[in-house]
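# requesting a structural model of the entry that follows:
(2 chains)
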Amino acid sequence: MLVITRKPRQALRIGEARVLVTRVSGNQVRLGFKTPPGVRAYREEVYATIRRANLSARIQAPPILPDDLTTHEPSND
Amino acid sequence: MNPRTIETLFGAADVPEQQCWYAHAALPGFPDERRFVLLDLEPYRPLAWLQSLDDTSVCFPLARPACFALDYPSPPAEALFGFPAPDALLLNMVVFESADDSSGKAQPHTKAPLCFDPASMRFAQWILSSDNAFSRAAAVERETMRIPLPAVAMAGAA
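Sure thing, here's the model as predicted:
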(Lines give C-alpha, C1' and ligand atoms only; values in the text may rest on other atoms or scores of the structure.)
Protein backbone atom coordinates (compact mmCIF):
# COMPACT_ATOMS: atom_id res chain seq x y z
CA MET A 1 0.00 0.00 0.00
CA LEU A 2 1.23 3.46 -0.92
CA VAL A 3 1.38 5.77 2.10
CA ILE A 4 1.68 9.55 1.64
CA THR A 5 2.01 12.15 4.39
CA ARG A 6 0.15 15.44 3.86
CA LYS A 7 -0.55 18.54 5.95
CA PRO A 8 -3.77 20.56 6.05
CA ARG A 9 -4.34 22.45 2.77
CA GLN A 10 -2.06 20.05 0.90
CA ALA A 11 -3.47 17.81 -1.79
CA LEU A 12 -2.71 14.66 -3.68
CA ARG A 13 -3.82 13.25 -7.02
CA ILE A 14 -5.28 9.88 -7.89
CA GLY A 15 -5.34 9.97 -11.66
CA GLU A 16 -7.42 13.03 -12.53
CA ALA A 17 -9.03 13.11 -9.07
CA ARG A 18 -7.75 15.69 -6.58
CA VAL A 19 -7.95 15.01 -2.86
CA LEU A 20 -7.40 17.95 -0.50
CA VAL A 21 -6.77 17.69 3.23
CA THR A 22 -9.03 20.47 4.49
CA ARG A 23 -8.75 19.95 8.24
CA VAL A 24 -7.15 17.71 10.84
CA SER A 25 -8.77 17.69 14.24
CA GLY A 26 -7.88 15.11 16.87
CA ASN A 27 -8.39 11.69 15.32
CA GLN A 28 -10.43 12.98 12.38
CA VAL A 29 -9.30 14.12 8.96
CA ARG A 30 -11.62 16.09 6.69
CA LEU A 31 -10.99 15.58 2.97
CA GLY A 32 -12.28 17.36 -0.10
CA PHE A 33 -12.58 15.64 -3.47
CA LYS A 34 -12.61 17.00 -6.98
CA THR A 35 -13.23 14.17 -9.40
CA PRO A 36 -13.69 13.91 -13.17
CA PRO A 37 -17.16 13.05 -14.53
CA GLY A 38 -18.17 9.48 -13.80
CA VAL A 39 -15.81 9.18 -10.84
CA ARG A 40 -17.38 9.65 -7.44
CA ALA A 41 -16.03 9.32 -3.93
CA TYR A 42 -17.85 7.43 -1.19
CA ARG A 43 -17.23 6.44 2.37
CA GLU A 44 -15.86 2.90 2.43
CA GLU A 45 -18.78 1.55 4.45
CA VAL A 46 -21.36 3.11 2.09
CA TYR A 47 -19.62 1.63 -0.93
CA ALA A 48 -19.44 -1.78 0.78
CA THR A 49 -23.18 -1.70 1.51
CA ILE A 50 -24.01 -0.90 -2.11
CA ARG A 51 -21.59 -3.54 -3.35
CA ARG A 52 -23.22 -6.19 -1.16
CA ALA A 53 -26.69 -5.22 -2.35
CA ASN A 54 -25.56 -5.30 -5.99
CA LEU A 55 -24.12 -8.78 -5.52
CA SER A 56 -27.38 -9.88 -3.87
CA ALA A 57 -29.43 -8.53 -6.79
CA ARG A 58 -27.59 -10.67 -9.34
CA ILE A 59 -29.82 -13.60 -10.22
CA GLN A 60 -28.59 -17.11 -10.89
CA ALA A 61 -31.84 -18.48 -12.30
CA PRO A 62 -35.17 -17.06 -13.46
CA PRO A 63 -37.08 -16.28 -10.24
CA ILE A 64 -40.69 -16.94 -9.35
CA LEU A 65 -42.40 -13.59 -9.35
CA PRO A 66 -44.46 -12.48 -6.38
CA ASP A 67 -48.06 -11.54 -7.12
CA ASP A 68 -47.49 -8.08 -5.79
CA LEU A 69 -44.16 -6.24 -5.74
CA THR A 70 -45.48 -3.39 -3.64
CA THR A 71 -46.24 -5.06 -0.33
CA HIS A 72 -42.99 -4.40 1.52
CA GLU A 73 -42.10 -1.30 3.53
CA PRO A 74 -38.64 -0.02 2.56
CA SER A 75 -36.80 2.38 4.80
CA ASN A 76 -34.07 4.96 4.34
CA ASP A 77 -32.10 3.54 7.26
CA MET B 1 -24.62 -4.12 -38.27
CA ASN B 2 -25.83 -7.65 -37.63
CA PRO B 3 -27.27 -8.41 -34.19
CA ARG B 4 -25.07 -10.36 -31.84
CA THR B 5 -26.56 -13.52 -30.33
CA ILE B 6 -25.93 -14.07 -26.61
CA GLU B 7 -27.00 -16.76 -24.17
CA THR B 8 -29.02 -15.53 -21.20
CA LEU B 9 -30.82 -17.14 -18.28
CA PHE B 10 -33.92 -16.93 -20.43
CA GLY B 11 -32.44 -18.39 -23.61
CA ALA B 12 -30.68 -16.93 -26.63
CA ALA B 13 -31.22 -13.28 -27.49
CA ASP B 14 -30.32 -11.30 -30.59
CA VAL B 15 -28.84 -7.99 -29.47
CA PRO B 16 -28.54 -5.15 -32.00
CA GLU B 17 -25.58 -2.85 -31.33
CA GLN B 18 -27.84 0.20 -31.00
CA GLN B 19 -29.60 -1.40 -28.03
CA CYS B 20 -26.43 -1.84 -25.99
CA TRP B 21 -26.19 0.18 -22.78
CA TYR B 22 -22.85 1.32 -21.38
CA ALA B 23 -22.13 1.61 -17.66
CA HIS B 24 -20.64 5.11 -17.29
CA ALA B 25 -18.86 3.88 -14.15
CA ALA B 26 -18.56 0.23 -13.19
CA LEU B 27 -21.19 -1.00 -10.74
CA PRO B 28 -19.73 -1.63 -7.28
CA GLY B 29 -19.03 -5.36 -7.15
CA PHE B 30 -18.83 -5.71 -10.94
CA PRO B 31 -15.70 -3.86 -12.05
CA ASP B 32 -15.34 -5.63 -15.39
CA GLU B 33 -18.92 -5.39 -16.62
CA ARG B 34 -19.48 -2.26 -18.73
CA ARG B 35 -21.70 -3.29 -21.64
CA PHE B 36 -25.26 -4.38 -21.03
CA VAL B 37 -28.59 -4.86 -22.68
CA LEU B 38 -32.09 -4.54 -21.25
CA LEU B 39 -34.24 -7.60 -21.79
CA ASP B 40 -38.01 -7.33 -21.89
CA LEU B 41 -39.84 -10.61 -21.22
CA GLU B 42 -43.60 -10.33 -21.26
CA PRO B 43 -44.23 -12.90 -18.47
CA TYR B 44 -41.98 -10.94 -16.12
CA ARG B 45 -43.37 -7.46 -16.65
CA PRO B 46 -43.20 -4.94 -15.09
CA LEU B 47 -39.64 -6.13 -14.45
CA ALA B 48 -36.89 -5.78 -17.02
CA TRP B 49 -33.52 -7.50 -16.92
CA LEU B 50 -30.14 -5.82 -17.11
CA GLN B 51 -28.01 -8.41 -18.86
CA SER B 52 -24.23 -8.05 -19.06
CA LEU B 53 -22.66 -8.57 -22.47
CA ASP B 54 -19.19 -8.95 -20.95
CA ASP B 55 -20.21 -11.84 -18.69
CA THR B 56 -23.51 -13.36 -19.68
CA SER B 57 -23.91 -14.94 -16.22
CA VAL B 58 -24.42 -11.44 -14.78
CA CYS B 59 -28.05 -10.35 -14.88
CA PHE B 60 -30.13 -8.08 -12.62
CA PRO B 61 -33.89 -7.64 -12.38
CA LEU B 62 -34.98 -4.00 -12.56
CA ALA B 63 -38.22 -2.19 -11.85
CA ARG B 64 -39.48 1.35 -11.85
CA PRO B 65 -39.55 2.92 -8.39
CA ALA B 66 -43.33 3.24 -8.70
CA CYS B 67 -43.58 -0.57 -8.58
CA PHE B 68 -42.57 -0.27 -4.94
CA ALA B 69 -44.43 2.98 -4.33
CA LEU B 70 -41.10 4.83 -4.14
CA ASP B 71 -40.41 8.37 -5.20
CA TYR B 72 -36.98 9.95 -5.69
CA PRO B 73 -35.82 13.50 -6.21
CA SER B 74 -34.44 14.29 -9.65
CA PRO B 75 -31.16 12.42 -10.15
CA PRO B 76 -27.97 14.51 -10.43
CA ALA B 77 -27.43 13.48 -14.05
CA GLU B 78 -24.69 16.01 -14.71
CA ALA B 79 -22.70 14.76 -11.71
CA LEU B 80 -23.26 11.14 -12.71
CA PHE B 81 -22.54 11.48 -16.42
CA GLY B 82 -20.73 14.75 -16.85
CA PHE B 83 -23.45 16.04 -19.18
CA PRO B 84 -27.13 16.90 -18.85
CA ALA B 85 -29.57 14.04 -19.25
CA PRO B 86 -33.06 15.54 -19.12
CA ASP B 87 -34.74 12.29 -20.15
CA ALA B 88 -32.90 10.11 -17.64
CA LEU B 89 -35.03 7.48 -15.94
CA LEU B 90 -34.42 5.83 -12.56
CA LEU B 91 -34.81 2.10 -12.07
CA ASN B 92 -34.27 0.01 -8.95
CA MET B 93 -32.47 -3.29 -8.86
CA VAL B 94 -34.73 -5.91 -7.31
CA VAL B 95 -33.35 -8.40 -4.82
CA PHE B 96 -35.13 -11.76 -4.68
CA GLU B 97 -34.68 -13.63 -1.44
CA SER B 98 -34.52 -16.91 -3.32
CA ALA B 99 -34.99 -17.80 -6.95
CA ASP B 100 -37.01 -20.87 -6.07
CA ASP B 101 -38.92 -19.33 -3.19
CA SER B 102 -42.57 -19.66 -4.11
CA SER B 103 -43.39 -16.89 -1.66
CA GLY B 104 -41.51 -14.72 -4.14
CA LYS B 105 -40.26 -12.14 -1.69
CA ALA B 106 -38.61 -9.27 -3.49
CA GLN B 107 -37.07 -6.06 -2.19
CA PRO B 108 -35.94 -3.01 -4.13
CA HIS B 109 -32.32 -1.90 -3.82
CA THR B 110 -33.49 1.50 -2.60
CA LYS B 111 -30.24 3.26 -1.76
CA ALA B 112 -28.64 3.11 -5.17
CA PRO B 113 -31.04 3.29 -8.11
CA LEU B 114 -29.70 3.12 -11.63
CA CYS B 115 -30.03 6.22 -13.78
CA PHE B 116 -30.55 5.46 -17.49
CA ASP B 117 -30.01 8.11 -20.16
CA PRO B 118 -31.62 6.91 -23.41
CA ALA B 119 -30.04 9.76 -25.40
CA SER B 120 -26.50 8.50 -24.76
CA MET B 121 -27.43 4.87 -23.98
CA ARG B 122 -25.45 5.19 -20.75
CA PHE B 123 -26.39 4.42 -17.21
CA ALA B 124 -24.86 5.05 -13.80
CA GLN B 125 -25.63 4.00 -10.26
CA TRP B 126 -26.74 6.87 -8.06
CA ILE B 127 -25.65 6.22 -4.48
CA LEU B 128 -27.95 8.27 -2.31
CA SER B 129 -26.93 10.28 0.69
CA SER B 130 -29.23 11.24 3.53
CA ASP B 131 -29.81 14.53 1.70
CA ASN B 132 -31.52 12.89 -1.24
CA ALA B 133 -33.27 9.90 0.25
CA PHE B 134 -36.37 8.45 -1.39
CA SER B 135 -39.89 9.00 -0.12
CA ARG B 136 -43.09 7.00 -0.25
CA ALA B 137 -45.38 7.55 -3.20
CA ALA B 138 -48.92 6.66 -4.09
CA ALA B 139 -49.56 3.23 -5.56
CA VAL B 140 -49.52 3.09 -9.36
CA GLU B 141 -51.38 0.75 -11.70
CA ARG B 142 -49.18 -2.16 -12.69
CA GLU B 143 -49.91 -1.64 -16.38
CA THR B 144 -48.32 1.81 -16.23
CA MET B 145 -45.08 0.49 -14.77
CA ARG B 146 -43.52 -0.84 -17.96
CA ILE B 147 -40.03 0.44 -18.57
CA PRO B 148 -39.99 2.94 -21.46
CA LEU B 149 -36.39 2.36 -22.53
CA PRO B 150 -34.79 0.61 -25.50
CA ALA B 151 -34.89 -3.11 -24.70
CA VAL B 152 -34.60 -6.42 -26.48
CA ALA B 153 -37.93 -8.25 -26.50
CA MET B 154 -37.74 -11.96 -25.71
CA ALA B 155 -40.20 -14.75 -25.24
CA GLY B 156 -39.97 -16.53 -21.90
CA ALA B 157 -42.04 -18.35 -19.37
CA ALA B 158 -42.23 -17.19 -15.76
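# name the SS class of B:E78, please.
Secondary structure state of B:E78, per DSSP: H, G, I helix; E, B strand; the rest coil, is helix.
# wait, doesn't it sit right on B:P84?
Yes - B:E78 is in contact with B:P84 according to Cβ atoms under 8 Å; the separation is 5.6 Å. For the C-beta atoms, the positions are set from N, CA and C on the backbone; glycine is no exception.
# dihedrals phi and psi, A:G15?
phi 60, psi -130 (degrees, to the nearest 10).
# what does stretch A:41-57 contact?
In this structure, residues lying in contact with stretch A:41-57 by Cβ atoms under 8 Å, 6 or more residues apart in numbering or on different chains are A:17, A:33, A:35, B:27-30, B:60-61, B:93-95, B:109, B:111-112, B:125, B:127.
# please flag which of these sit within strands.
The strands in this structure, assigned by DSSP state E, contain A:17, A:33, B:60-61, B:93-95, B:125 from these.
# for ChimeraX, write the select line for the buried members of the residues you listed.
In ChimeraX, selecting the buried portion of these, with burial taken from 16 or more other Cβ atoms under 10 Å in any protein chain shown, looks like this:
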select /B:60,61,93,94,95,125
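# next, the contact list for B:M93, please.
Under the criterion of Cβ under 8 Å, 6+ apart, the contact list for B:M93 reads A:53-54, A:57, B:50, B:60-62, B:108-109, B:112-114.
# tell me the one of these nearest B:I6?
Proximity of these to B:I6 (Cβ to Cβ) peaks at B:L50, which lies at 13.2 Å.
# ok, and the closest non-adjacent residue to that closest one?
B:F60 (4.5 Å; Cβ to Cβ, 6 or more residues apart in numbering or on different chains).
# is it correct that the one you found is in contact with B:T8?
No - using Cβ under 8 Å, B:F60 makes no contact with B:T8, being 12.0 Å away.
# anything in contact with each of those two?
Residues within reach of B:F60 and of B:T8 at once, by Cβ under 8 Å, 6+ apart, are B:W49.
# so where's chain B shaky on pLDDT?
Counting by pLDDT under 70, the low-confidence segments of chain B come to B:1, B:98-104, B:131-132, B:139-145, B:156-158.
# where along it do the helices fall?
B:77-81 (DSSP state H).
# most centrally placed residue in it?
What sits nearest the mean C-alpha location of chain B, by Cα atoms, centre = their mean, is B:L62, with 4.2 Å.
# closest point of chain A to chain B, which residue?
Residue nearest to chain B within chain A: A:P37 (2.3 Å; Cβ to the nearest Cβ).
# let's verify that residue: helix, strand, or coil?
Of the three states, A:P37 takes coil according to three-state DSSP.
# show me what contacts it?
When contacts are counted by Cβ under 8 Å, 6+ apart, A:P37 is found next to B:79, B:81-83.
# got it, and A:P8?
Counting by Cβ under 8 Å, 6+ apart, A:P8 touches A:21-24.
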